[in-house]
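Peer 1: sequence first, then the predicted structure, then my questions.
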Amino acid sequence: MNAIATIAGREIRDGLRNRWALGAVLLMAGLALTLAFLGSAPTGVVGASPLEVTVVSLSSLTIFLVPLIALLLSHDAIVGERDRGTLLLLLSYPLSRWQILFGKFLGHLSILTVATVLGYGAAGAALAFAAGEFDADSLGSFARMVGSSVLLGAVFVALGYLISATVRERATAAGLAIGIWLVLVLLYDMALLGLLVADQGRTISAAAFNWLLLLDPADIFRLLNLAGLSKTSLFAGMAGLAEQMQFGRAVLLTALAAWVAVPLALAAFAFSRKEP
């Protein structure tokens, strides 16, 4: 554990030195504050709590921003060390390859966690100061949104490590990272919608549709935060999907955790066979 913590600390220091952590916190906080105050403006009309509307706004932001930051952080974690000539130095230490990979993963995830918690927390605190106290349900929805945002970030950090452990050039890793972001965040839902329109309910049942949603971590996040909660599903326009959803919160969280574990395990396997 000391070796893993040492590697994680090294990644955190590198992130601080490269202004990654500061830049991510400022970006998350700036966008979150903007959405919190602009998005909560019409709450008096719809009768919603400002924090509940903010959960919807920040969930939509998370789906696009957190995966992109995670992939930018992690896509060159291994191949970048190889290009800089520091991978041989790392492998010369009395550390196993899985310790190196897991330590680097924890370091990058720590940077992303701090950026998410501080950025979204600043927006929540500012909104609480401006609007007064919130009820327990609204606070619970906000806390679950922040926690699941970190878990979604962990998924894409793990995917970034899988890319980095399997390619030989940083440019290839960067291209694949952008490609994965486009597919999982944008194109998968468009393809799924096209499939549903073409099928017209003949083959794909509601149960099959629910399982198809589990094949995309961004959709699992949507189900958790936009369709999985009764209040926010109404404001997000996903009340119909919420009625058809067959999976509870525990199943969705397990699926999202599996999206972390499987790519990270594959990355460890690829790294164990990678030539330095």
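Peer 2: Everything's here; your move. Note that the coordinates shown come from a computational prediction; the quantities given were computed from them, not determined experimentally.

Peer 1: tell me the buried residues in the lengthiest helix in the chain?
Peer 2: Identified as the longest helix of the chain according to DSSP state H is helix 97-131. Using 16 or more other Cβ atoms under 10 Å as the burial criterion, the residues of helix 97-131 that qualify are 97-124, 127-128, 131. Glycine gets a C-beta too; all of them are placed from N, C-alpha and C.

Peer 1: what's the answer for stretch 140-156, then?
Peer 2: 141-142, 144-146, 148-156.

Peer 1: same check, this time on stretch 14-31
Peer 2: By neighbour count on 16+ other Cβ under 10 Å, the buried set for stretch 14-31 is Gly15, Trp20, Ala21, Ala24, Val25, Met28, Ala29, Leu31.

Peer 1: ok, stretch 5-15 next?
Peer 2: Ile7, Ala8, Glu11, Ile12, Gly15.

Peer 1: show me how far that stretch is from its chain's centre.
Peer 2: How far stretch 5-15 lies from its chain's middle: 20 Å, per Cα atoms, centre = their mean, to the nearest Å.

Peer 1: coming back round to it: next SSE after the longest helix of the chain?
Peer 2: Stepping forward along the backbone from helix 97-131, the first helix or strand reached (DSSP states H and E) is helix 136-166.

Peer 1: which other helices and strands contact that next one?
Peer 2: helix 50-74, helix 79-84, helix 97-131, helix 170-181, helix 217-222, helix 230-235, helix 249-272 (3 or more Cβ pairs under 8 Å, 6 or more residues apart in numbering; DSSP states H and E).

Peer 1: among these, which comes closest to Leu193?
Peer 2: For these, distance to Leu193 was read as Cβ to Cβ. The smallest value, 11.6 Å, belongs to helix 217-222.
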